[in-house]
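1. All I have is the shape, not the residue letters:
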Ligand SMILES: Cc1cc2nc3c(=O)[nH]c(=O)nc-3n(C[C@H](O)[C@H](O)[C@H](O)COP(=O)(O)O)c2cc1C
């Protein structure tokens, strides 16, 4: 890959994502999100990238889940995208904050009825006695709300503001091409440096 020394990583990321959208069988926006507890223990899971707002990577989740507890403890995270069809990887490290309730409301309203009910029914990351209990919760909330389902206060978005990016592309003989990008004082302009694979 040819990369200029000064790069806008968001533009490059969007280009790679749009190429992945044409090739990946499903969920090109799936990303592995790592968080860390106050004791320094990391945990990782897949979530979906739903938006990029002012260069911040936005995903939605239950605010009482394990990831959310860890985010409230340390406000730090890392993200990794791997697109098998392109053999490309993008890594990000950054600080995480909740998005505004307006942004969460707007996204919540765009979700299907089933997903909106699901957000109410799932006490994400808590122990669940049986699948039946979950389905009963779903029925309960379906009966409670018709089409006008408010967003639960315990459900919404987070935004990771990157402090570092890495773009990685497969090369022959495992001699992959890696660039690490760090911000400059100029908005949207990051310095890219090639690293050993
Ligand atoms: C493809 C895929 C997409 C997912 N997207 C989300 C998501 O956007 N938000 C979410 O809360 N969980 C999502 N999940 C479920 C999470 O991986 C995880 O099981 C859940 O959020 C609980 O994680 P936690 O207990 O570490 O908080 C997704 C799982 C997969 C496999």
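-> Great, that's in hand. From a predicted model like this one, the values you see are computed outputs, not experimental measurements.
2. Over to the residue lying closest to residue 159 once chain neighbours are set aside: give its phi and psi.
-> In space, and not counting its chain neighbours, residue 159 is closest to residue 56: 3.8 Å by C-beta to C-beta, 6 or more residues apart in numbering. To be clear about C-beta, it is placed using only N, CA and C from the backbone, and glycine gets the same treatment. In terms of degrees, to the nearest 10, the main-chain angles of residue 56 are phi -100, psi 140.
3. Look up which residues are beta-bridged to residue 56.
-> residue 53 (DSSP bridges).
4. And the pLDDT for it?
-> We have a pLDDT of 98 for residue 56.
5. near the ligand, which residues of this protein?
-> 27, 30, 43, 45-48, 59-62, 65-67, 124-125 (C-beta under 6 Å from any ligand atom).
6. Make a PyMOL selection of the buried ones in the residues you listed.
-> A single PyMOL command selects the buried members of the residues of the chain next to the ligand (16 or more other C-beta atoms under 10 Å):
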select buried, resi 30+47+59+60+61+62+65+66+67+124
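7. Of the residues of the chain next to the ligand, which belong to helices?
-> Cross-referencing the residues of the chain next to the ligand against helices under DSSP state H gives 66-67.
8. quick one: which of the residues of the chain next to the ligand is nearest to residue 9?
-> residue 59 (17.8 Å; C-beta to C-beta).
9. who's in contact with the closest one?
-> Counting by C-beta atoms under 8 Å, 6 or more residues apart in numbering, residue 59 touches 31, 33, 47-50, 157-158, 160.
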